[in-house]
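In: Just need the structure, nothing else, for what follows:
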Amino acid sequence: MDVNERIKAVLAEHPIVLFMKGTPQFPMCGFSARAAQALTEAGATFYAVNVLADPEIRAALPHYANWPTFPQLFIQGELIGGCDIVEDLKASGELARMAQDVEGEHQA
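Out: Sure, this is the predicted structure:
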């Protein structure tokens with residue numbers, strides 16, 4: 001399976017995915033830490049991919065998503081954005097609403 005297929009498989013398997021440096025428990029950059037914290041505070045259940053542990057995904061994802069930096073948040077397979085966008089969505093209440101919508105769809 002090539003790296004783009006691996007990325008697609010992760011996105012298909014998990015409704016909310018955060019590609020980040022490190023893990024939510026041990027983030028390896030401030031932006032990744034802030035994005036994971038915003039998701040947690042919004043009540044989102046998300047799957048984290050540590051791009052530092054997978055150099056192939058780290059190299060391919062900016063091209064796949066057309067987004068140059070990490071973290072990258074995907075909801076329902078669609079790129080939402082990076083740290084600033086995630087924090088703005090949390091501040092407006094949209095992130096919690098988006099997370100609830102996803103949770104509702106997967107419980108139905």
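
In: which parts of the helix or strand hosting A96 are buried?
Out: In this assignment (DSSP states H and E), A96 forms part of helix 94-107. Under the neighbour-count criterion of 16 or more other Cβ atoms under 10 Å, helix 94-107 has 95-96, 98-99, 102 buried. Glycine gets a C-beta too; all of them are placed from N, C-alpha and C.

In: And the residues you listed, which is closest to I80?
Out: M98 (7.9 Å; Cβ to Cβ).

In: nearest residue to the closest one other than its sequence neighbours?
Out: Computed as Cβ to Cβ, 6 or more residues apart in numbering, the closest residue to M98 that is not its neighbour in sequence is I75, at 5.8 Å.

In: now that neighbour: how far from A44?
Out: Distance, I75 to A44, using Cβ to Cβ, to the nearest Å: 9 Å.

In: now swap in M1 and tell me
Out: Distance from M1 to A44, by Cβ to Cβ: 27 Å.

In: out of those two, which sits in the more crowded spot?
Out: A44 (23 against 7; other Cβ atoms under 10 Å).

In: Please list all residues in contact with the residue nearest to the more buried one when sequence neighbours are not counted.
Out: Leaving aside its sequence neighbours, A44 sits nearest to A99 (Cβ to Cβ, 6+ apart; 3.6 Å). The neighbours of A99, taking Cβ atoms under 8 Å, 6 or more residues apart in numbering as the test, are 16, 39, 42-46.

In: any chance of those residues in CSV, plus distance to A9, pLDDT and secondary structure?
Out: As requested, these are exported to CSV (distance: Cβ to Cβ, whole Å; pLDDT from 0 to 100; DSSP: H, G, I helix; E, B strand; the rest coil):
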residue, distance to A9, pLDDT, secondary structure
I16, 15, 97, strand
L39, 21, 97, helix
A42, 25, 96, coil
G43, 26, 95, coil
A44, 21, 95, coil
T45, 19, 95, coil
F46, 17, 97, coil
